[in-house]
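Undergrad: Next come a sequence and a model predicted from it.
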Amino acid sequence: MDQRVAVLGAGSWGTVLATVLAENGCDVTLWARRTEVADEINHSHTNHKYLPGVMLPEAITASTSISDTVTGKDMILFVVPSHSMRTIAGEAAPWVKKDALVVHASKGFEVGTWKRMSEVLKEELPPEQGVRIAVLSGPSHAEEVIQKCPTTVVVASVCQETAERVQAIFINSYFRVYTNPDIIGVEVGGALKNIIALASGLADGLGFGDNSKAALITRGLAEIARLGSAMGAKPITFVGLAGVGDLVVTCTSRHSRNWRAGHMISQGKKLEQVLEEMGMVVEGVKTTQAAHALSANYQVEMPLAEQLYAVLFTGKDPAQAVKDLMTRGRTGELEEIIQGW
Ligand SMILES: NC(=O)c1ccc[n+]([C@@H]2O[C@H](COP(=O)([O-])OP(=O)(O)OC[C@H]3O[C@@H](n4cnc5c(N)ncnc54)[C@H](O)[C@@H]3O)[C@@H](O)[C@H]2O)c1
Ligand SMILES: O=P(O)(O)OC[C@H](O)CO
């Protein structure tokens, strides 16, 4: 595999995906925003803030120049937080080779426009890039992929050839990549699961048990599928890796930053304090704002997301939010899908 790859974003996930690609034989340049991170990767082959105790392959070269990182590369992988995707894509655009594959692995929507990340990339990159855009998503904590724990992910694109080329570049014996034509479903599932992970951290912090966790995962899935379907996704995608898979891993793992943020809020910490203490991206916070806006735009009910929005942004007491959820009006379980008796 002699692909030349640019990875934009040297946080936990960008650094781990760069490692997977380097181990697969790719020539990898990793763009870091900060000079000290690039220097550390180049000289010590570590990225201690994001991956403490991990030695990176010497084949990874880091750079702080987007133009140097992107120029001449066969694949450009964006792994920046969703709030910076448009800016970074705009800066990269003039240097992207005409036939390059463009992949992102970020889980969120753009604040304000509430667009999906592939929509943002499509708008920022030359039109001919459209069919070569893909998303990589699924249940994958950086901390476990770097330990080579068997992991399964999904790559989605409107173009089958693009999805299969990206699959071939990433797949190996510990990182198994599936393809899916439903890019809307894969992006929406990956973003919205972070809301339910925040809620799971809150529920665990409030002392609730496995019943509550199962309730959050399954009723969260119902909300995700409801909004995702209204946005044009195929409902079946949500029982796959970007739906059930990512919900399970993020709601049950202590690696999850979203779970941890929810847990800290349950202990009475303010949102600003939590985000400062985390020092890493917690996509579920902005995605809760996205769900609040999108559920209104598409007229879709999302009771869990709504209650989390009230807790995060209007100071609602989490215990009251749980009470309001449990005592709201009676509904059927799957009434949008199963009609009649
Ligand atoms: N960590 C994981 O296990 C994991 C797994 C799958 C997907 N993701 C997704 O990958 C994306 C990146 O997450 P991460 O875990 O690498 O985050 P991180 O917090 O570990 O690192 C974020 C990186 O983005 C950079 N950054 C922050 N603000 C920026 C800005 N305004 N402009 C440019 N760069 C900026 C930081 O310097 C850092 O390099 C997120 O959307 C996340 O949901 C993460
Ligand atoms: O640590 P989190 O909560 O951002 O989750 C990371 C990945 O999205 C898990 O698949």
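TA: Yep, that arrived. Ligands and ions are numbered 1, 2, ... in the order given.

Undergrad: Excluding covalently adjacent residues, which one is nearest to the closest residue to ligand 1 within the chain?
TA: Closest approach between the chain and ligand 1, counting by Cβ to the nearest ligand atom: residue 11, at 1.8 Å. C-beta here means a position set from N, CA and C on the backbone, and glycine is covered the same way. For residue 11, ignoring the flanking residues on the chain, the nearest one in space by Cβ to Cβ, 6 or more residues apart in numbering is residue 50 at 5.3 Å.

Undergrad: Packing partners of the helix ranked longest in the chain?
TA: Counting residues, the longest helix found in the chain (DSSP state H) is helix 183-205. Other helices and strands packing on helix 183-205, by 3 or more Cβ pairs under 8 Å, 6 or more residues apart in numbering; DSSP states H and E, are helix 117-124, strand 133-137, strand 151-156, helix 210-230, helix 246-252, helix 257-266, helix 283-297, helix 303-314.

Undergrad: hang on, the earlier thing: the residue nearest to residue 11 contacts residue 280, doesn't it?
TA: Yes: using Cβ atoms under 8 Å, residue 50 makes contact with residue 280 at a distance of 7.4 Å.

Undergrad: if I pick residue 303, what's in contact with it?
TA: The contact partners of residue 303, by Cβ atoms under 8 Å, 6 or more residues apart in numbering, come to 219, 223, 325, 328.

Undergrad: Need the pLDDT of the closest residue to residue 105 other than its chain neighbours.
TA: Closest residue in space to residue 105, ignoring its immediate chain neighbours: residue 136 at 4.4 Å, by Cβ to Cβ, 6+ apart. For residue 136, the model assigns a pLDDT of 99.

Undergrad: contacting residues around residue 136?
TA: Counting by Cβ under 8 Å, 6+ apart, residue 136 makes contact with 17, 77, 103, 104, 105, 153, 154, 155, 166, 170, 177.

Undergrad: The second one - how many residues pack around it?
TA: Okay, so that is residue 77. 27 (other Cβ atoms under 10 Å).

Undergrad: in the stretch 1-150 of the chain, which spans are strands?
TA: With DSSP state E, counting those that start in this stretch, the ranges of strands along the stretch 1-150 of the chain come out as 4-8, 27-31, 60-63, 75-78, 101-104, 133-137.

Undergrad: could you dump the ones you listed to JSON lines with distance to residue 204?
TA: Shown next, in JSON lines, are these (distance: least, Cβ to Cβ, whole Å):
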{"stretch": "strand 4-8", "distance to residue 204": "33"}
{"stretch": "strand 27-31", "distance to residue 204": "34"}
{"stretch": "strand 60-63", "distance to residue 204": "36"}
{"stretch": "strand 75-78", "distance to residue 204": "32"}
{"stretch": "strand 101-104", "distance to residue 204": "30"}
{"stretch": "strand 133-137", "distance to residue 204": "24"}
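
Undergrad: What pLDDT does the model give the closest residue in space to residue 192 that isn't next to it in sequence?
TA: Nearest non-adjacent residue to residue 192, counting by Cβ to Cβ, 6+ apart: residue 224, 4.5 Å away. pLDDT, residue 224: 98.
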